[in-house]
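> Fold the following.
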Amino acid sequence: MTIKVIVIDDEPLAINVLKNYIEKVKDLQLVKTFSNAIDVGSFLQENSIDIIFLDIKMPILNGIDFLKTLKTQTQVIVTTAHDKYAIESYELEVLDYLVKPIPFPRFLKSINRVIKLKKSVDGEQISPPVRSHIFVKVDKKKLQKIYLDEILVIESLKDYIRIITSSSKHIVHRTLASITEELPSSQFIRIHRSFTVSIDKVNIIEGNSLEINGIRYTIGRSYLATTKDIILNRTV
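Numbering: from 1, shown residues only. Next up, the predicted model:
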């Protein structure tokens, strides 16, 4: 993986420091340096760049004004001797803000953020989607993780509940009301004093009952109108 970068700074010493740092990181390629920001816009229209190292205090066109005119999605890392522009820079969506003199470890930390982002965008490092879940106590010591997208029905057994999932059943010392309050209302609905069901798992509604996974469950009279309205009008 190659990350192409440019440096915009009116101080030759500052450019040399960044050059030295860039050479130490194998994934970085310094494409060009600029002593002012005036000509960078046209350069970016013709060249694909991943990172701009941008100074703030420069003649004619300063870094803040340059950021306001930037039309590409190129990531910008500000490199400046002044910390007072940090808030304004972050409001302009810079990736990082490095204050001179910049220690190499701080520079490297910033670059590692870029590498992580680029790998994610390029598909080299795709994090698995987070699955929502709950933990329930199935005996005095053991807590069981249950993924919400696997729950079909939760049935009241007086002071206990039976959680029925697509692959298992669990008896838990809790009330149906308490666990229903804990679950997201966008995914679960109480249909009876004895049943809370997963909205997406409902296959059939007929009269005062519904079917999940081939099993019929009665919809309580006081729950009927709300249950049908939510399930039948669900769009996602």
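
> mind giving me the domain split of this structure?
Split into domains by automatic domain parsing, the chain comes to 3-122, 133-232.

> Just send these back as TSV, with mean pLDDT and mean neighbour count too.
In short, each C-beta sits where N, CA and C put it, glycine included. What follows is those, written out as TSV (pLDDT from 0 to 100; neighbours: other CB atoms under 10 Å):
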stretch	mean pLDDT	mean neighbour count
domain 3-122	90	16
domain 133-232	93	15
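
> Have a look at the protein and report its longest helix.
Longest helix of the chain, by residue count under DSSP state H: helix 104-122.

> For the spatially most distant residue from the centre of the chain, give me its contacts.
The centre of the chain is farthest from one residue, Gly207, which by CA atoms, centre = their mean lies 41.8 Å away. When contacts are counted by CB atoms under 8 Å, 6 or more residues apart in numbering, Gly207 touches no other residue.

> Next: the one 4 residues further on.
For Glu211, the contacting residues are 202-205, 217, by CB under 8 Å, 6+ apart.

> Kindly report the same for His82.
Contacts of His82 (CB under 8 Å, 6+ apart): 56-57, 99.

> Tell me the one among those nearest to Asn20.
Val99 (17.8 Å; CB to CB).

> what are the bridge partners for the closest one, then?
Val99 has these beta-bridge partners by DSSP bridges: Thr80.

> so it makes contact with Tyr85?
No. Here Val99 lies out of contact with Tyr85, judged by CB atoms under 8 Å, at a distance of 10.0 Å.

> May I have the secondary structure class of Val17?
Here Val17 is recorded as helix under DSSP: H, G, I helix; E, B strand; the rest coil.

> Tell me which residues touch it, please.
So Val17 contacts 101-102 (CB under 8 Å, 6+ apart).

> quick one: it from Glu11, how far?
Distance of Val17 to Glu11, given as CB to CB, to the nearest Å: 9 Å.

> if I pick the closest residue to Ser132 other than its chain neighbours, what's in contact with it?
Leaving aside its chain neighbours, Ser132 sits nearest to Leu148 (4.6 Å; criterion: CB to CB, 6 or more residues apart in numbering). By CB under 8 Å, 6+ apart, the residues touching Leu148 are 131-134, 183-184, 187, 198.

> secondary structure element for the nearest residue to Lys19 once chain neighbours are set aside?
Take Lys19 and drop its neighbours on the chain: the residue closest to it by CB to CB, 6+ apart is Leu30, 6.2 Å away. Element membership of Leu30 [criterion: DSSP states H and E] is strand 28-34.

> That strand relative to helix 104-122, how many degrees between them?
110 degrees (axes from the mean of the first three to the mean of the last three CA atoms, to 10 degrees).

> Tell me the first helix or strand C-terminal of strand 28-34.
helix 40-46.

> Run through the neighbouring helices and strands of that next one.
Judged by 3 or more CB pairs under 8 Å, 6 or more residues apart in numbering; DSSP states H and E, helix 40-46 is in contact with strand 3-8, strand 28-34.
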